[in-house]
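Student: Fold the following, please.
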Amino acid sequence: MVVITLQREKCIGCNYCVEFAPAQFQMSKKDGKTVLLKSINKKGFHTIKSRDHSIFDANIKAMEACPVKIIKTKLV
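Tutor: Numbering: from 1, shown residues only. Sure thing, here's the model as predicted:
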């Protein structure tokens, strides 16, 4: 299972995550920060769990490109 977590409040709106993983991330027109699509928010941590392992590589690239290091991607 692939687990992706985003600390949205710390987002600076650089858009790298959307460029690398557009199926999981989208920029909000409201505040210019990224949104982790179909995520559950618990105390500022937005998380999705997916059985689709094909999304792992794109999200690792998004995690590595994030200048404020607010994206975590792991296999469990």
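Student: use CA for all of it now, contacts and neighbours both
Tutor: OK.
Student: And the helices in this protein?
Tutor: 16-20, 56-65 (DSSP state H).
Student: Include distance to residue 4 when you put those into TSV, please.
Tutor: Formatted as TSV, the helices of the chain follow (distance: least, CA to CA, whole Å):
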stretch	distance to residue 4
helix 16-20	12
helix 56-65	8
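Student: who touches residue 38 in this structure?
Tutor: residue 48 (CA atoms under 8 Å, 6 or more residues apart in numbering).
Student: Quick check: phi and psi on it?
Tutor: phi 60, psi 30 (degrees, to the nearest 10).
Student: Please report the distance of residue 47 from residue 53.
Tutor: To residue 53, residue 47 is 16 Å away according to CA to CA, to the nearest Å.
Student: ok, these two, which is more surrounded?
Tutor: residue 47 (20 against 11; other CA atoms under 10 Å).
Student: which one in this protein is furthest away from the centre?
Tutor: residue 30 (17.5 Å; CA atoms, centre = their mean).
Student: That one and residue 14: what is the separation?
Tutor: 15 Å.
Student: now swap in residue 29 and tell me
Tutor: Taking CA to CA, one finds residue 29 at 13 Å from residue 14.
Student: Run a quick check on residue 49 versus residue 36, I expect a contact.
Tutor: No - contact criterion CA atoms under 8 Å: residue 49 and residue 36 do not qualify, at 11.3 Å.
Student: Could you check which of the two has the larger neighbour count?
Tutor: Neighbour totals were compared for residue 49 and residue 36, and residue 36 leads with 24 against 17 (other CA under 10 Å).
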